[in-house]
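S.K.: only the shape, not the letters, is given here:
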DNA sequence: ACAAAAGTGTTGAGAGTACACCCATGC
DNA sequence: GCATGGGTGTACTCTCAACACTTTTGT
């Protein structure tokens, strides 16, 4: 196999590190931005909270590995996932050289009923603003993921991946406010959204407290 | 060593791929955006043009490895470098599983007198708009790098890293036009640059053809 | 009736865009 | 004196930010 040729010919010259993936999954619940974490079952960092993730298979695409590890460790399946950054400092893992490719994923509320998998004691959602101490450099990963999410919100359509398929404008605004960590003017916000052509109205509903709100659906018109 | 523990305990379960870095170095000369390429000395893709790059050392940070490979293969040292994207499709390298972390680097004109190193027959600059066929997935890397550079130009100060420390506004505009691939209105461009507070004037000079142009220096005031 | 959330317009400031001519120098 | 690139101002449009009250429902 071609692999063997490379490995034989360069083994000592180019020793190979391990390659892992880690996933930062966000959702917004009750106006709070949350991250999905697992409690590690094995050392290092046993019983410490960490991002879901693990080593890649040799014939597995990076993104596939990210989805698989997420599913195995938390039972969560995800709609949107994209590469975030690759963390490769020597010393970031006490076991040796491990390069980790971090991924960013978004989840609508209600779909994340995390069940702990093999390598996790348990899995749970934490508010980004009140995270426990994290294993490895996972704190830095979350920080970078939040930055990226804020950009994606404003330039792309990230907010809609954090909502169910039918939503009210107030819910949409609440997602924006949770992600950006600021409060927005209701009138300006609604005008901007409606003028963008990204949403289309459907039948009204959502009659909880107060006046019932119109429901909208995302329509990815704009390139 | 900790490394050994991990390798022993999980060797078959988590076989490790190889990890490489590749660097997309840009410069602008005569109004054209150029990329630095090498002609590969060894197979695979022998005598094909490719980005400078190679396998990482086990105790070497990714960015260090990128700078080292660039220096070894082309003799070029670089001022600004940042991580671009990690390419990890199984099958992207015929020798076996190789994950490559791509970096983006910028160079002012005049500093890139490429000398071929060990693994390269020769090194040379190519206009982005007229690239030869590239080895591996390096064509995709260049494409992604151009996209990223266009964004960095507009949101950050990337243009100044493509210029000498003293430059005229026309040179600055020429860099923008080369990177974006469009032509810009001179008056609007100059007003925007001068209002941004990013440049400060110094003594006038640059007396080539026509009226001599004022020289400016980059001043990274704005956050 | 009242509590609770939904919905609605106007105004001012700043940023971007379009557009054409005169100026200083080298030859 | 002419060729070459350097340098300059105005008017229009559009986007964004600030700002407060009325409407509809459930209890």
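M.R.: Thanks, I have it. Worth saying up front: this structure is predicted, and the values here are computed from it rather than measured.
S.K.: can you name the residues bridging to residue A:37?
M.R.: residue A:124 (DSSP bridges).
S.K.: you'd agree it is up against residue A:123?
M.R.: Yes: using C-beta atoms under 8 Å, residue A:37 is in contact with residue A:123, at 7.0 Å. C-beta here means a position set from N, CA and C on the backbone, and glycine is covered the same way.
S.K.: who touches both of those two?
M.R.: residue A:52 (C-beta atoms under 8 Å, 6 or more residues apart in numbering or on different chains).
S.K.: name the residue in these two with the higher neighbour count.
M.R.: Under the criterion of other C-beta atoms under 10 Å in any protein chain shown, the comparison of residue A:37 against residue A:123 puts residue A:37 first, with 27 against 22.
S.K.: pull the contacting residues for the more buried one.
M.R.: A:49-52, A:123-126, A:131-132, A:134.
S.K.: what's the ChimeraX syntax to select whichever of these are buried?
M.R.: Per 16 or more other C-beta atoms under 10 Å in any protein chain shown, the buried members of the contacts of residue A:37 correspond to this ChimeraX selection:
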select /A:49,50,51,52,123,124,125,126,131,134
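S.K.: closest to residue B:69 among the contacts of residue A:37?
M.R.: Minimum distance to residue B:69 across the contacts of residue A:37 is 29.7 Å, recorded for residue A:51 (C-beta to C-beta).
S.K.: quick one, strands of chain A?
M.R.: Ranges of strands within chain A are A:18-29, A:32-40, A:49-50, A:53-55, A:80-87, A:98-106, A:120-127, A:166-167, A:199-205, A:213-218, based on DSSP state E.
S.K.: can you put those strands in JSON lines and add distance to residue B:207?
M.R.: JSON lines is the format used below for those (distance: least, C-beta to C-beta, whole Å):
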{"stretch": "strand A:18-29", "distance to residue B:207": "55"}
{"stretch": "strand A:32-40", "distance to residue B:207": "57"}
{"stretch": "strand A:49-50", "distance to residue B:207": "62"}
{"stretch": "strand A:53-55", "distance to residue B:207": "60"}
{"stretch": "strand A:80-87", "distance to residue B:207": "46"}
{"stretch": "strand A:98-106", "distance to residue B:207": "52"}
{"stretch": "strand A:120-127", "distance to residue B:207": "62"}
{"stretch": "strand A:166-167", "distance to residue B:207": "63"}
{"stretch": "strand A:199-205", "distance to residue B:207": "58"}
{"stretch": "strand A:213-218", "distance to residue B:207": "58"}
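S.K.: to residue A:187, which of those strands lies closest?
M.R.: Minimum separation from residue A:187 across these (C-beta to C-beta) falls at strand A:213-218, 15.3 Å.
S.K.: how big is the angle separating the closest one from strand A:199-205?
M.R.: Relative orientation of strand A:213-218 versus strand A:199-205 (axes from the mean of the first three to the mean of the last three C-alpha atoms, to 10 degrees): 140 degrees.
S.K.: close to DNA strand C, is stretch A:163-176?
M.R.: Yes: counting by C-beta under 7 Å from any atom of the strand, DNA strand C is contacted by stretch A:163-176 at A:168-170.
S.K.: so which of those residues would you say is closest to chain B?
M.R.: Comparing these against chain B with C-beta to the nearest C-beta places residue A:169 closest, at 28.5 Å.
S.K.: chain A against DNA strand C: which residues are in contact?
M.R.: By C-beta under 7 Å from any atom of the strand, the residues of chain A that approach DNA strand C are A:168-170, A:186-188, A:190-191, A:204, A:208-214.
S.K.: restricted to buried residues, select those residues in PyMOL.
M.R.: Selecting only the buried entries of those in PyMOL, with 16+ other C-beta under 10 Å as the criterion:
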select buried, chain A and resi 168+169+213
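S.K.: which of the strands of chain A has the lowest mean pLDDT?
M.R.: When the strands of chain A are compared on average pLDDT, strand A:199-205 comes out lowest at a mean of 90.
S.K.: residues making contact with that one?
M.R.: The contact list for strand A:199-205, computed with C-beta under 8 Å, 6+ apart, reads A:166, A:169, A:172, A:193, A:212-219.
S.K.: now do 7 Å
M.R.: Among residues not part of strand A:199-205, those counted as contacts by C-beta atoms under 7 Å, 6 or more residues apart in numbering or on different chains are A:166, A:193, A:212, A:214-219.
S.K.: closest to DNA strand D out of those residues?
M.R.: Set against DNA strand D, the nearest of these by C-beta to the nearest atom of the strand is residue A:212 (5.1 Å).
S.K.: residue A:167 versus the closest one, what's the distance?
M.R.: 14 Å (C-beta to C-beta, to the nearest Å).
S.K.: ditto for residue A:214
M.R.: Relative to residue A:167, and taking C-beta to C-beta, residue A:214 is found at 10 Å.
S.K.: kindly report the same for residue A:85.
M.R.: 30 Å.
S.K.: how far away is the residue nearest to residue A:92 when sequence neighbours are not counted from residue A:44?
M.R.: In space, and not counting its chain neighbours, residue A:92 is closest to residue A:137: 5.0 Å by C-beta to C-beta, 6 or more residues apart in numbering or on different chains. Distance, residue A:137 to residue A:44, by C-beta to C-beta: 13 Å.
S.K.: helix or strand with the lowest mean pLDDT in chain A?
M.R.: Every helix and strand of chain A was ranked by mean pLDDT, DSSP states H and E. The lowest is helix A:2-10, at a mean of 45.
S.K.: any idea which helix is longest in chain A?
M.R.: Of all segments of type helix in chain A, defined using DSSP state H, the longest is helix A:138-155.
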